[in-house]
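A.B. asks: From the sequence below, what's the structure:
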Amino acid sequence: MVQLLISAKGHGKTRQLINMANDAQRTAKGNIVFIDDNKKHIFDIHSGVRFVETSACDLYNYREFAGFIFGILSQNSDIEKIFVDGLYKIITVLTDDDLVKLVKRLDVISKEEEVDFIIGMSSDYGIIPEAVKEYVLV
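C.D. replies: Sure thing, here's the model as predicted:
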């Protein structure tokens with residue numbers, strides 16, 4: 001499953017993702033991963049959640065991000081959920097077409113690896129591509 005948490009900057013997406021990750025950790029049978037573009041919220045994440053900070057990774061496009069995800073999954077076969085905060089900050093170049101390709105790719109990975117992706121991104125529902133609107137978390 002891929003879910004997109006979309007709203008304008010400053011509307012509480014990060015706090016919501018942190019709460020979701022911490023809640024998931026309490027009930028998960030597998031591991032939970034939280035990916036962020038900086039370490040600002042590292043102490044808000046429960047110690048049982050694996051925190052991955054990406055500022056040193058320089059992920060240029062959606063293909064590199066997908067490879068990054070595969071790297072995380074290859075290290076641990078029982079990851080249950082991956083939370084991503086600030087997708088547009090993590091990936092340097094992410095066009096609308098690339099967003100569609102990324103979401104579709106993550107959907108395939110989700111089914112193959114049995115992992116859920118919950119992704120926070122600053123945007124407006126009205127301007128995101130139609131092809132990804134079905135993934136928006138309401």
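A.B. asks: For residue 80, what are phi and psi?
C.D. replies: In terms of degrees, to the nearest 10, the main-chain angles of residue 80 are phi -100, psi -40.
A.B. asks: repeat for residue 91
C.D. replies: Torsion angles, degrees, to the nearest 10, at residue 91: phi -100, psi 120.
A.B. asks: Beta-bridge partners for it, please?
C.D. replies: residue 59 (DSSP bridges).
A.B. asks: quick one: low-confidence ranges for this structure?
C.D. replies: Residue ranges of the chain with pLDDT under 70: 138.
A.B. asks: which helix is the longest one in it?
C.D. replies: Looking across the chain with DSSP state H, the single longest helix is helix 96-113.
A.B. asks: Buried ones in that helix, by neighbour count?
C.D. replies: 98-103, 105-107, 109-110 (16 or more other Cβ atoms under 10 Å). From N, CA and C alone the C-beta is placed, and that goes for glycine too.
A.B. asks: Let me have those in a markdown table, adding distance to residue 17 as columns.
C.D. replies: Below are the buried residues of helix 96-113 laid out as a markdown table (distance: Cβ to Cβ, whole Å):
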| residue | distance to residue 17 |
| --- | --- |
| 98 | 21 |
| 99 | 18 |
| 100 | 22 |
| 101 | 23 |
| 102 | 17 |
| 103 | 17 |
| 105 | 20 |
| 106 | 16 |
| 107 | 19 |
| 109 | 19 |
| 110 | 17 |
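A.B. asks: List phi and psi for the most centrally placed residue in the chain.
C.D. replies: Most central in the chain under Cα atoms, centre = their mean is residue 84, positioned 2.4 Å from the mean C-alpha point. Per-residue torsions, residue 84: phi -130, psi 120 (degrees, to the nearest 10).
A.B. asks: Looking at this structure, which residue reaches furthest from the middle?
C.D. replies: Largest centre distance within the chain, by Cα atoms, centre = their mean: residue 126, 20.5 Å.
A.B. asks: Any figure for the gap between that residue and residue 64?
C.D. replies: Note on residue 126: its distance to residue 64, by Cβ to Cβ, to the nearest Å, is 28 Å.
A.B. asks: ranges for the helices of this structure?
C.D. replies: Under DSSP H, the chain gives helices at 13-27, 62-75, 87-90, 96-113.
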